[in-house]
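Visitor: Kindly return the folded structure for what I paste below:
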Amino acid sequence: MQQTTRVWIRGWRHAVFLLTMLFAAHFVHAQDVEGLPQYVVAEFGTPPEVPTGPLSKDVRSAVKVAFIDSITQGGWGPDQAIALETIAASGDPRLVWIISDLMRFATGPEFAAVLGDAAGRLLDKELPNYNHWGIVTDHLIAWDIPAPPKYLKAKRAIFTNIVPGWDKIFVKGDIDWRHVSWGGVMIDDRAYDTTDELCNCIPAADNPEVSSAAAATWLADDAIVFGVEINGEARAYPRRIMEVREMVNDTLGGRDLGIPYCTLCGAAQAYFTDRMPAGVKRPVLRTSGLLIRSNKVMYDVETYSVFDTFLGKAVTGPLAKRGIQLEQASVVTSTWGAWKAAHPETTVLVEELALGRDFDFRNGRDADGPIFPVGDVDPRLPVHEDVIGIVTASGTPVAFERAKALVALQAGQEVTVENVRLVLDAGGIRAVDVGGKDLGSHQAFWFAWSQFYPGTELWRG
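Guide: Below is the predicted model:
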């Protein structure tokens, strides 16, 4: 892996930036410049004019020299500098998407500044002298700048020359490749049930060892756990372990599950991975090392099909061609004390799965807002407000403000929208239908839910 890492990848520094709320809820759907919501223009300014059509021959040549040759030949020299000047002078902000991709892997303030200057010229934006990549990418997303012609080809060349394991990931599909970026880690491409093997990645856990509640003396009662109950069998997935593993392939209540946890989105989800169509093997979910608007990009290691982690939909590869949409089971965010009191027969993952680590990203690294670009955020709630998300029978996505829903439920009030009814479970919340059937809800940060379900209905009580 070290031999494949190019000159600009000697480490990574997370781009920390603050996203603030601007304006009240009634501005959310108001439109301003070129169809953009007013809050986007207020936060990011007026977007530049964007040309259409193919790139000129000179610009196409410059793109190859500056972006592709610099990666494949492993360096930046006078030819690349001249090519970048041609690109910056083109007046085509679509090319900033490729500059952004290169910026993600750039080390050294001088090189980052050169790329940032080119991006600023093309966006007609004066950029601060820090976090060029994050700020540039936020503007691209918020303004919805189109990708340049043959964008995936250029992006694929950059990313796969950095990490060859991504060659099967960067393919055409129902995914917006503009929004995909590097999360700072390598792909977990270990085969199924080989999770005892070390990897330079975020290591998924397959068929994790579990213990009884009584044997889990290492887990404090106030520790956060993600509780799942399938066919009467309950299991707790401690956040301490999930922050290290981020992905578990498990079997519970006679059903196979894939359980991703996106630390950045505050979202643990559970997907059924059995009962596939004829000829389709059980998907074995892994972390790709990539992000899409600060949400992890997961994939099936058997077919290299990429899934939309938040929606459970296959978006590339053989599973996308088969139209695979994973059914979701509810995940209840609770404390260990409350979960084991409500589910005394529960099992729980063993401490060894934490690999000796004890992170608390939510209250540490992620406490001040998203640390990767997400663009604009619906301002109806703070970016890190916890919501319970669900899609109703009519297909309407609904977010329930967790704190208010919890108060209402504890007071004995009904919390309902269409066929959805929230209920208390072990101090947490899950969604059921009028007959009490589980509907597959989960908790997430507002910014994550609202960007993957734009225009979501918001219950406030």
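
Visitor: Bridged to M247, which residues?
Guide: Note on M247: beta-bridge partners P260, judged by DSSP bridges.

Visitor: If I look at it, what pLDDT would I see?
Guide: Turning to M247, the model gives it a pLDDT of 97.

Visitor: how much space between it and R104?
Guide: From M247 over to R104 the distance is 22 Å, taken as CB to CB, to the nearest Å. C-betas here are computed from N, CA, C, even on glycine.

Visitor: Now the lengthiest helix in the chain: average pLDDT?
Guide: Longest helix in the chain, counting residues (DSSP state H): helix 109-123. In this model, helix 109-123 has a mean pLDDT of 93.

Visitor: Show me what it is packed up against.
Guide: Applying 3 or more CB pairs under 8 Å, 6 or more residues apart in numbering; DSSP states H and E, one finds that helix 109-123 contacts helix 78-88, helix 96-104, helix 132-143.

Visitor: Could I get the buried residue list for the shortest one?
Guide: For helix 96-104, the neighbour count (16 or more other CB atoms under 10 Å) marks 96-104 as buried.

Visitor: can you give me the helices in the stretch 251-400 of the chain?
Guide: 317-321, 336-342 (DSSP state H, counting those that start in this stretch).

Visitor: Looking at these, spot the one closest to V374.
Guide: Nearest to V374 among the helices of the stretch 251-400 of the chain is helix 317-321 (24.1 Å), distances taken as CB to CB.

Visitor: which residues are in contact with the closest one?
Guide: Identification of contacts with helix 317-321 by CB atoms under 8 Å, 6 or more residues apart in numbering yields 168, 171, 173-174, 280, 283, 299-300, 303-307, 314.

Visitor: Just the buried ones out of the residues you listed, please.
Guide: By 16+ other CB under 10 Å, these give 168, 171, 173, 280, 283, 299-300, 303-307, 314 as buried.

Visitor: who touches D188 in this structure?
Guide: With contact taken as CB under 8 Å, 6+ apart, D188 is in contact with 199, 201-204, 247, 286-289, 301.

Visitor: let's see it at 6 Å
Guide: Contacts here follow CB atoms under 6 Å, 6 or more residues apart in numbering; on that basis D188 touches 199, 201, 204, 286-287.

Visitor: and if you look at N129?
Guide: Applying CB under 6 Å, 6+ apart, no residues qualify as near N129.

Visitor: State the helix or strand in which it lies.
Guide: Here N129 is covered by no helix or strand, with elements defined by DSSP states H and E.

Visitor: still on that earlier bit, looking at the buried ones among the contacts of helix 317-321, which are in strands?
Guide: Those of the buried ones among the contacts of helix 317-321 mapping onto strands are 299-300, 305-307, 314, per DSSP state E.

Visitor: okay but S181 is in contact with G289, surely?
Guide: No: with contact defined as CB atoms under 6 Å, S181 does not count as touching G289 (10.4 Å).

Visitor: Using the three-state scheme, assign C199.
Guide: Put simply, C199 is coil when judged by DSSP: H, G, I helix; E, B strand; the rest coil.

Visitor: now do the one 4 residues further on
Guide: When classified by three-state DSSP, P203 comes out as coil.
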